[in-house]
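>>> structure, please.
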Amino acid sequence: MPKKKPDFDKRTIEVIEEMINRFANGEKLMNLFKEYKTDRVTFNHDVERFDLYAKYARAREEHGDGFNDEIETIKQDLKDGKIEDKVARVLIDTIKWQASKFYPKMYGERIDITSKDQKIGSPDFSGFSTEELRAYLDKMSGKE
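Here you go, the predicted model:
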């Protein structure tokens, strides 16, 4: 007989906060979901329902910071000859990818839109007359 899922409406804020704290300290969410017999959808719903999104967002950042420790461990293992350089590279690339998903502002790829190393800005039309502005718009739309 399959295990019966507990009534999630009776779960307290303390349990959700405990899950968030454990996640912030490096535990995997999937392991926590199994332990608490829940899933991502229910967890996200509870985070929103109990207005814990800010705490969860901070936990994601802290969890992302934990990846630095993992990279340092791999680096030391590489120096000690415990792992090969190719294995270390794959492990570190995987950790960096995971970190970029948890905290993209800090660890994600930075996309900088430039044109010949200059930032692209909006043109200044403040000095244009109505006729000049229409001519410019016609030129840009190919109506010349």
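
>>> where does residue 82 land in three-state SS?
Here residue 82 is recorded as coil under DSSP: H, G, I helix; E, B strand; the rest coil.

>>> next: residue 38.
With three-state DSSP as the basis, the three-state label of residue 38 is coil.

>>> separation between it and residue 51?
According to CB to CB, to the nearest Å, residue 38 and residue 51 sit 18 Å apart. Glycine gets a C-beta too; all of them are placed from N, C-alpha and C.

>>> the more surrounded of those two?
residue 38 (20 against 9; other CB atoms under 10 Å).

>>> state the pLDDT value of that one.
Residue 38 carries a pLDDT score of 90 in this model.

>>> swap in residue 112?
Note for residue 112: predicted pLDDT of 62.

>>> again, but for the one 4 residues further on
In this prediction, residue 116 carries a pLDDT score of 64.

>>> what does the one 4 residues further on give?
The per-residue pLDDT reported for residue 120 equals 68.
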